[in-house]
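>>> Fold the following.
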Amino acid sequence: MNVWHLVLCVVILALAYIFFQYARIRKLPEGTDEMQEMAGIIRDGASTFLKTEFRVIAIVVIVVAAVFSLFVEKTSGITFIMGACMSSVVCILGMRSATYANVRTSNRARETLSIQVHPNEEQAQRLDGDHEKTESWYILHAEPGSTLIGGSTTTDLDALRAAAADDSIGERFGKRIAVSEGDFVFVPAGTMHALGAGIFAVEVGSFGNRTYRMCDWGRGRELHVDKAFEVVNTESTATVRHFGSYGHDEAGDAALPLIREGVRCELFVSNVIDIDKDYETEPDGVYHIITCVQGSCTVESPEGAVGLACTESALVPASTGRYTVRGTCRVLQSYHPR
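Down below sits the predicted model:
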């Protein structure tokens, strides 16, 4: 077998893997009728774009291939066309996979996530050489009646272990907390937790990256029960702060910009800021992360400007001087406390 046979085998295996993953994606449910309708519109738009693009590319490929055949090597034109065709196949598969996957990803986000627990600093260092993972969630949207799990209803570890054996911890011992749009949920390390169905949130948290899954609702993914029970704190509970709609505080309408502390712990702070025109501040020696959670805005500094749509974030370096957030929006201003 020469090198070209080996290359051909690799290409065939790669294509087989692509088609396998593509078929696997197609089998996943697309969600509600509205989601399926929107997904169809997106796919139609993507297909129209590709058809228009390929008409232009086809002309360019034919011209370049003819030039190669006439002035370089007779077979080089054919080789160029084959390469263009292979690139086109990859492009089509990539676009179709993306347009089929996006609605299925959104549908999975409507389900209750796995029940997890994260380690504190000492536990993370000892178990995995990592750092503490404490986190928080700002609720962007919650369907009526939505709840999340933010703690355990029992401190009996034996009972929890028995429930872990049949993957029923969530149903039997998950502490349900009702949430709505505009809530900020703080989840300390060691807290048993899971986002519930119908909830979309932005996560603000520490640098740790260790997650130990305790329950997956029978979906069959890997659990990390032993490590989870080393770090779980059955007395720890998630806390919720309610910020309501834009421009309102506990007393009703409020003067803007309205700045309120959403979450504060040793590892991070995140403020909720409602802005109607502009808000000017400075990093004061620590970097800031600005996340737009309602409306849109522009973050401006002497070094430049960046526009943010809802759910997009910008990093403001610690070396930046004063900067301004402009727009009619609600943003999260997150940073490490000094």
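
>>> ok, the closest residue to residue 227 other than its chain neighbours to residue 202 distance?
Leaving out its chain neighbours, the residue that sits closest to residue 227 by CB to CB, 6 or more residues apart in numbering is residue 212, at 4.7 Å. Any C-beta I mention is one placed from the backbone N, CA and C, and that applies to glycine too. Computed as CB to CB, to the nearest Å, the residue 212 to residue 202 distance reads 23 Å.

>>> Of these two, which one has the most company?
For residue 212 versus residue 202, the count of surrounding residues by other CB atoms under 10 Å is larger for residue 212: 23 against 19.

>>> and residue 120, what are its phi and psi?
phi -80, psi -180 (degrees, to the nearest 10).

>>> Apart from its chain neighbours, what residue comes closest to it?
Residue 120 sits nearest to residue 189 (CB to CB, 6+ apart), 4.2 Å away.

>>> how about that neighbour, phi and psi?
When read as degrees, to the nearest 10, the backbone of residue 189 gives phi -50, psi 140.

>>> thought it was touching residue 212?
No. Shown here, residue 189 and residue 212 do not form a contact pair, counting by CB atoms under 8 Å, at 10.9 Å.

>>> Between those two, which contacts overlap?
118, 119, 231 (CB atoms under 8 Å, 6 or more residues apart in numbering).

>>> Can you tell me which of these end up in helices?
residue 231 (DSSP state H).

>>> could the shared contacts of residue 189 and residue 212 go into a markdown table alongside pLDDT?
Listed next are the shared contacts of residue 189 and residue 212 as a markdown table, based on pLDDT from 0 to 100:
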| residue | pLDDT |
| --- | --- |
| 118 | 97 |
| 119 | 97 |
| 231 | 97 |
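
>>> In PyMOL, how would I select just the buried ones from the shared contacts of residue 189 and residue 212?
Buried residues within the shared contacts of residue 189 and residue 212, by 16 or more other CB atoms under 10 Å, are selected in PyMOL with:
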select buried, resi 118+119+231
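
>>> Could you single out the nearest of the shared contacts of residue 189 and residue 212 to residue 249?
residue 118 (31.4 Å; CB to CB).

>>> So the residue nearest to residue 120 versus residue 293, what's the distance?
Counting by CB to CB, the gap from residue 189 to residue 293 is 24 Å.

>>> now do residue 327
Taking CB to CB, one finds residue 327 at 12 Å from residue 293.

>>> Likewise for residue 254?
For residue 254 relative to residue 293 (CB to CB), the value is 17 Å.

>>> next one: residue 43
Applying CB to CB to residue 43 and residue 293 gives a distance of 29 Å.

>>> who does the lengthiest helix in the chain touch, helix- and strand-wise?
Looking across the chain with DSSP H, the single longest helix is helix 33-71. Counting contacts by 3 or more CB pairs under 8 Å, 6 or more residues apart in numbering; DSSP states H and E, helix 33-71 packs against helix 76-109.

>>> Tell me the bridge partners for residue 295.
When bridges are called by DSSP bridges, residue 295 pairs up with residue 329.

>>> correct me, but it touches residue 308?
No. If you go by CB under 8 Å, residue 295 and residue 308 don't touch, sitting 9.4 Å apart.

>>> Give me the angle between the longest helix of the chain and helix 76-109.
Angle between the axes of helix 33-71 and helix 76-109 is 170 degrees (criterion: axes from the mean of the first three to the mean of the last three CA atoms, to 10 degrees).

>>> quick one: helix 33-71 to chain centroid distance?
Here helix 33-71 is found 29 Å from its chain centre; the criterion is CA atoms, centre = their mean, to the nearest Å.

>>> From residue 265, how far out is the residue nearest to residue 120?
From residue 189 to residue 265 the distance is 10 Å (CB to CB).

>>> pLDDT below threshold where in the protein?
For the chain, applying pLDDT under 70 flags the ranges 1, 107-111, 250-252.

>>> Break it down into its structural domains.
For the chain, automatic domain parsing gives the domain ranges 3-109, 115-242, 248-335.

>>> So which of those is the most surrounded?
Burial of these is given as mean neighbour count (mean count of other CB atoms under 10 Å); domain 115-242 ranks first at a mean of 18.

>>> Quick one: distance of that domain to the chain centre.
Centroid displacement of domain 115-242 relative to its chain, using CA atoms, centre = their mean, is 17 Å.

>>> Just the endpoints, please. Distance across that domain?
From its first residue to its last, domain 115-242 covers 23 Å (CA to CA, to the nearest Å).

>>> Quick check: phi and psi at the residue nearest to the spatial centre of the chain.
The centre of the chain sits closest to residue 202, judged by CA atoms, centre = their mean, with a distance of 7.9 Å. Main-chain dihedrals, residue 202, degrees, to the nearest 10: phi -100, psi 130.

>>> Break down the chain into its helices, ranges please.
Counting by DSSP H, the helices of the chain are 3-27, 33-71, 76-109, 121-128, 157-165, 169-173, 225-231.

>>> Which stretch among these approaches residue 270 most closely?
helix 121-128 (19.5 Å).

>>> ok, so what distance separates residue 19 from residue 25?
Taken as CB to CB, the span from residue 19 to residue 25 is 11 Å.

>>> again with residue 190
From residue 190 to residue 25 the distance is 36 Å (CB to CB).
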